[in-house]
Structures are given as C-alpha cells and as structure tokens.
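J.: Turn this into a structure:
(one chain, ligands or ions: 1)
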Amino acid sequence: MQQQWNLATLAIHGGHKKEEFGALVTPLYQSATFVFDNAEQGGRRFAGDEPGYMYTRLGNPTTDELERKMAMLEGAEAAAACASGMAAVSSALMTHLEAGDHLIASNALYGCTFALLGTQLKRFGIDTTFVDFSDTLAIEAAVQPNTKLIFCETPVNPHLQVFDLAAIVDISKRNGLISIVDNTFMTPLLQQPLLMGIDMVIHSATKYLNGHGDVIAGIVCGREEHITRVKFEILKDFGGVISPHDAWLILRGLKTLDVRLTRHCDNAELIARYLEKHPKIKQVFYPGLESHQGYSYIGKQMKRAGGVMAFELNADKQAAIKFVNSLTLFTIAVSLGDAESLVQHPASMTHSPYTPEARAEAGITDNLLRISVGLESVEDLIADIEQALNRNV
Ligand code: PLP
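T.: Residues are numbered from 1 along each chain as shown. Purely as a prediction, here's the structure:
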C-alpha cells in the first residue's frame, strides 16, 4: 500500500507506525538502553530469538522509523542511519572491503571522502584508483583482479558534473563489482540510483534530508543482506550510530523535503541563468543550464538540477574572496541544503584536503565559488549577488 504512494507522500507518511497514545508525531525515544522483563528475555533478545530493543547502538524505535522511511524513498530493501555522512561513506565501504582490495573512485569527490579513500583506507591496505568518471572507458581500464568496488557522487562536488549511472551499473555488473553512489546533492526525490541497478546509496543527511542545518547525520540504503552487515557488524563494532534525537529531527525535516526541493530548484535555476549572462562571471557550473555537461541527464537520470551550483569569477583569488566577504544575505559557511543560502570557497574550504595537484586536476581553481541556494526570495538573493559583484570584481 505505502509503496504506491508518491515520494512526497512517502516522505511524510512512509514507515510511520501508529503510536500507542495516539500521538500524531513519532515519539523521540531518547533512551540509551531498553529494559528486559527478566534475564531470560534479555538472553533471548541478544540471541536473536525474540524481537525487541536492547541498546540504542543496536537499534532504536525512532531511528528505525527514519530507516524505514529512507528505504521506501530510495526504493531500497533497507537502510541504516549513521552519525554523519562520512560515517555512512566509511560504513558502506567497510562492509565490502578488506586489506588487499582495490576500488575505483571518481577523481572529483567531497574533500573528506577523497581523504578517506586516498589516505585513511591506504593505511589498512586498501588502494584506490581515482579516475575521471566522465570517461567510462577509463573506469573500465582501471579494473584490476582485486577490484571490489566503484564509488562516485553525481552530480559531483563542486562542479556538478553528472556521471552516467547506467554505464557505471553496466561496468560493475560485468566485472562483479559493488557500486556505491553518494546521492546527497539530489536526494531520492530527484534521483534514485538503486532503481537503476546501483548496489548502495549513501547520503549526508546533514544536507537536504534534514534541511535545517542543525544535525550531522548520514544514511546508507541498499539490499537487506548489505544493510544487515552495516548495522550489526560495522555500526555495532565501529560505533558510528546516529543519535535518536538527530533521527527525530530528520524525520521532521523529511516532511517538507518535497516542497523545499521545489523551491531550492526554482531559485537555483533563476540564479544560474542570471549568473550565466553576467559579464563578471566566467563560467557557471549547474546541470540546469543547457551549457552544462549534465543537462542531457535532466528528466532522465535526475528529475531536476538541485540547489547547488559553482561559478568562476572573471577575477583572481583575492577578488573572489572579496566578493564572498561582500555578500550580505548569503552566509559564508560550508554545507548545503539548508533554508539559508550559503557560499564557500572550495579550494580553501571543502576541498582543502586535496593536494594542490589533485585540486588542479579536478579543476578546483582559486576563483571558483560554490553556493547552496536557500529558500529565501530569489529577488533578494540576486540583488545581493549583484551588489557584491558591483563592489569588487
Ligand atoms: N558527501 C557529500 C557529497 C558531502 O557534500 C558531504 C559533506 O559536505 C559528505 C558526504 C559528508 O557528510 P557529513 O558532513 O554529514 O559527514
């Protein structure tokens, strides 16, 4: 029944269980542990012979509702909520990888994901080859006998380049690889990679899913066999579980995801068109523009282009920084997907974990800025950009 609902309805009602006192809103079970009627019952629960909660690191009713809802939204068999987007990325990877394994990842990624793959996993004997994922032949050429996994984001941070998920599924299936996609920028309302054959999806729920800038969290979605391992091996033993309070806040945020995303996309499309025509702007990177590489995927792989874009000023780093400091409505902060419009300088902020060479290869120049378009009036946002451009560049 619930499966037939549209995504906007699922985001509100999906996975909800009737509450014993009739509360409309899912209660927050802010409890670290759960009481057993007697010692025998505790034993049965730990042995898996009786359903029921034991300890919040192993499961919690509030968190479970978030996981059920996210699984429905992504079209997944199951989902696991995590303490952060990075906990979701690392938990998904640790479910599949061991020392001696190799993975292939896009050479443009969120900076900490790049550091995790390129530096941290190396310490445990896991090697990554970074490839330009717009070149599907290069992805295939990077497959080695010990390759286990393919990882990418699409659209990719910060240039919003879009990768061909159907091709990635094809390469993964032909080579027996697990495919994982970071769907943070799109959310399941704009893109559902699992329905295209991707094996696992991860999110930084810190962003659009929560949408109010007050939570750090992540989600992994996928097949039951994989998510059982994420929850009852990786999260149980490495400990990157979500707080029930954060799960509750995300459940609240998800109720408005559909209307928020519509506004984010509408605002972003208008700002991208304004910037594209502006003589002080060198280039705009936004898949909603015909000039962008990702435009042909709109309406096919992804429903709309989302609320994040990057642009290069016709100026040097100093002028770009001055422009950022002159904005009065855009807030200078990393993150994205909040009600507030945010601006950041990828080279010195989100992508600072990249080496200068890796940054140059990924095209993260010193005059590149990324904005997360919020829910404010678009006229006010454009007026703010205009006054900052007029002042400095
Ligand atoms: N994936 C993407 C695409 C991101 O932009 C981020 C954070 O900005 C992350 C993962 C990491 O998420 P978190 O900050 O919730 O750990």
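J.: for the stretch 1-150 of the chain, what spans make up the helices?
T.: Assigned by DSSP state H, counting those that start in this stretch, the stretch 1-150 of the chain shows helices spanning 7-13, 39-47, 61-74, 85-96, 111-115, 121-123, 136-141.
J.: weakest of those helices by average pLDDT?
T.: Lowest mean pLDDT within the helices of the stretch 1-150 of the chain: helix 111-115, at a mean of 91.
J.: check contacts around P193.
T.: The contact partners of P193, taken as CB atoms under 8 Å, 6 or more residues apart in numbering, are L165, V181, N183, V201. Yep, even glycine has a C-beta here, placed from its N, CA and C like the rest.
J.: ok, it to E140 distance?
T.: To E140, P193 is 19 Å away according to CB to CB, to the nearest Å.
J.: same question, F124
T.: Going from F124 to E140 by CB to CB gives 26 Å.
J.: Looking only at neighbour counts, state which of those two leads.
T.: Per other CB atoms under 10 Å, whichever of F124 and E140 has more neighbours is E140, with 15 against 12.
J.: For the strand or helix carrying I271, buried residues please.
T.: Take DSSP states H and E as the rule and I271 turns out to sit in helix 257-277. Within helix 257-277, the residues that count as buried by 16 or more other CB atoms under 10 Å are 257-258, 260-261, 263-265, 267-272, 274-276.
J.: so which of these comes closest to the ligand?
T.: Using CB to the nearest ligand atom, H264 comes nearest to the ligand of the buried residues of helix 257-277, at 14.8 Å.
J.: can I assume that closest one is in contact with G288?
T.: No: taking contacts as CB atoms under 8 Å, H264 lies outside contact range of G288: 11.2 Å.
J.: in this structure, what residue is nearest the ligand?
T.: Nearest to the ligand, among the residues of the chain, is G85, at 2.2 Å (CB to the nearest ligand atom).
J.: Neighbours of that residue, how many?
T.: By the measure other CB under 10 Å, the count of residues near G85 is 24.
J.: On the three-state scheme, G374 is what?
T.: coil (DSSP: H, G, I helix; E, B strand; the rest coil).
J.: burial of it, as a residue count?
T.: Around G374 there are 24 other residues, counting by other CB under 10 Å.
J.: before we move on, what about Q41?
T.: As a burial measure, Q41 scores 14 neighbours (other CB under 10 Å).
J.: Just the pLDDT for the residue nearest to it when sequence neighbours are not counted.
T.: Spatial nearest neighbour of Q41, excluding adjacent residues (CB to CB, 6 or more residues apart in numbering): E50 at 6.7 Å. On pLDDT, E50 comes in at 97.
J.: re earlier: give me whichever of the helices of the stretch 1-150 of the chain is most buried.
T.: helix 85-96 (a mean of 25; mean count of other CB atoms under 10 Å).
J.: Return the distance of that one from the chain's centre.
T.: Remark: helix 85-96 is offset 12 Å from the chain centroid, using CA atoms, centre = their mean, to the nearest Å.
J.: contacting residues around it?
T.: Contacting residues not belonging to helix 85-96 are listed as 80, 82, 103, 110, 112-113, 116-117, 121, 148-149, 151, 178, 180, 182, 184, 200, 202-207, 216-220, 222, 226, 229-230, 233-235, 238, 240 [CB under 8 Å, 6+ apart].
J.: swap the cut-off to 6 Å and go again
T.: Helix 85-96 has contacts (CB atoms under 6 Å, 6 or more residues apart in numbering) with 82, 112-113, 148-149, 178, 180, 200, 202, 204, 206, 218-220, 226, 229-230, 234-235, 240.
J.: same thing with stretch 368-379?
T.: 158, 263-264, 267-268, 270-271, 307-308, 310, 312, 336, 339-344, 346.
J.: Quick check: buried residues in it?
T.: Neighbour counts over stretch 368-379 (16+ other CB under 10 Å) mark L368, L369, R370, I371, S372, V373, G374, L375, E376, V378 as buried.
J.: is any part of that stretch close to the ligand?
T.: No: Stretch 368-379 lies apart from the ligand when judged by CB under 6 Å from any ligand atom; the minimum separation is 9.7 Å.
J.: What's the end-to-end length of that stretch?
T.: 23 Å (CA to CA, to the nearest Å).
J.: now stretch 141-152
T.: Using CA to CA, the end-to-end distance of stretch 141-152 comes out at 16 Å.
J.: go on, stretch 309-328?
T.: 19 Å.
J.: Buried residues, that stretch. List them.
T.: Applying 16+ other CB under 10 Å to stretch 309-328 flags 309-313, 315, 319-324, 326-327 as buried.
J.: Would you map the strands across this protein?
T.: Per DSSP state E, the chain carries strands over the ranges 78-82, 102-106, 127-131, 147-153, 178-182, 200-204, 218-222, 281-285, 308-313, 331-332, 342-344, 368-372.
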